[in-house]
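>>> Have a look at this fold, sequence not included:
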């Protein structure tokens, strides 16, 4: 690697920033090394650094003429943030009980939605609105509590839990983007209902392991059409919902379906839905694909920004989710095992962690909570830090035990 030191004022788009003049953990950057493409990145560098090191061998991609001075990635400079402030009104500990009740009630609603869809009954729009309003309320109060409940719950049928988890992600991401409150509820409804048409697909298709045939792929894609038909036949659904539901499989460059739309035809909320749906799918156990870790899924989204996904939205989503997403099982440098219970939006490698197993793998009672940004001491010479992430199966937890 051939490195060159530059002041921040000397940087230009297309340079690869490989090192900073301070630890990466003292900055909001998720990845240690990145291609400078957006004003947001440059603004953050100016705020935190005086000089950086660039890798001149990776600074220009010969096959990407946009990086050689012929224009930015489409959408990279788009304004995607709103102006609605959402101060945290409750800590994760105090909000957890409320979020647990909301999750349980919402799962019951999704079960009823699927049952109604199977039997051809009209969906209950009033109940859907009320449920999403409750989801939004707890997320507005604290964005981590419901996310934590979702990750700790034993997962049920794929269609059931995916719908609710996508809805939660949509509202959490919308809150992070400071979108209007009414739009948070709209996004929550989109996440909950955008795949409801899958109940009309054969179960053998949904449960098939391995690659689908072209004929099976064409049939699977019809779930978008089925979802729109079902929602159009449901009195009381917001008109914008029906417009947004078919957009989550469209792609930034026009390679998606069902209509092959591209940016800006997809719109901000359609682009947002595509990112959230893809991330949740990649990190969920599915019969036809391996489950990815959150970090690998975020890496894939980052790689495909500007082609499949809106680049500025991808970078905002990575900031929202973080390197260690809420609910991640992590091993500390002491050998103890914990659960990430809250993000630190400034220092991404230092979330709040609830320690649930000691170094010998024995359950800890009571649980110990560590705020890693405060650098609590693991020993006289070393502060606590996260050594690695673990599979969720490494820890069997009952959400009812938390914060009691």
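That came through fine. Since the structure is predicted, the reported quantities are computational estimates derived from the model, not experimental observations. Numbering: from 1, shown residues only.

>>> Strands of the chain, start to end?
3-7, 16-20, 34-35, 51-55, 329-332, 337-342, 352-357, 363-371, 386-390 (DSSP state E).

>>> mean pLDDT for these: which is lowest?
Lowest mean pLDDT within the strands of the chain: strand 34-35, at a mean of 80.

>>> Show me what that strand is packed up against.
strand 16-20 (3 or more C-beta pairs under 8 Å, 6 or more residues apart in numbering; DSSP states H and E). (Each C-beta comes from the backbone N, C-alpha and C, glycine too.)

>>> in stretch 351-369, what's buried?
Across stretch 351-369, burial judged by 16 or more other C-beta atoms under 10 Å covers 351-357, 367, 369.

>>> so residue 309 sits right up against residue 253, yeah?
No: between residue 309 and residue 253 there is no contact under C-beta atoms under 8 Å: 9.3 Å.

>>> number of nearby residues for residue 242?
18 (other C-beta atoms under 10 Å).

>>> I'd say it and residue 230 touch.
No: if you go by C-beta under 8 Å, residue 242 and residue 230 don't touch, sitting 10.0 Å apart.

>>> Among the strands of the chain, show me which one is buried the most.
Across the strands of the chain, the average number of neighbours (mean count of other C-beta atoms under 10 Å) peaks for strand 337-342, which reaches a mean of 25.

>>> ok, and what's touching that strand?
The contact list for strand 337-342 (C-beta atoms under 8 Å, 6 or more residues apart in numbering) reads 92, 144, 148, 152, 324-332, 351-357, 361, 369-370, 390, 394-395, 397.

>>> one more time with 6 Å
92, 144, 148, 324, 326, 328, 330-331, 351-355, 357 (C-beta atoms under 6 Å, 6 or more residues apart in numbering).

>>> Need the per-residue pLDDT for the closest residue to residue 260 other than its chain neighbours.
Nearest non-adjacent residue to residue 260, counting by C-beta to C-beta, 6 or more residues apart in numbering: residue 254, 5.3 Å away. Model confidence at residue 254, given as pLDDT, is 96.

>>> From residue 274, how far off is residue 254?
As defined by C-beta to C-beta, to the nearest Å, residue 254 lies at a distance of 13 Å from residue 274.

>>> what do you get for residue 382?
Taking C-beta to C-beta, one finds residue 382 at 43 Å from residue 274.

>>> So which of these two has more stuff around it?
With neighbours defined as other C-beta under 10 Å, residue 382 and residue 274 compare such that residue 274 has more, 23 against 11.

>>> Quick check, that one in contact with residue 248.
Yes: with contacts counted by C-beta atoms under 6 Å, residue 274 reaches residue 248, the gap being 5.0 Å.

>>> Which positions within the longest helix along the chain qualify as buried?
In the chain, taking DSSP state H as the definition, the longest helix is helix 92-119. Judged by neighbour count using 16+ other C-beta under 10 Å, the buried positions of helix 92-119 are 92-93, 95-100, 102-103, 106-107, 109-110, 112-114, 116-117.

>>> Could you check the pLDDT of residue 398?
According to the model, residue 398 scores 62 on pLDDT.
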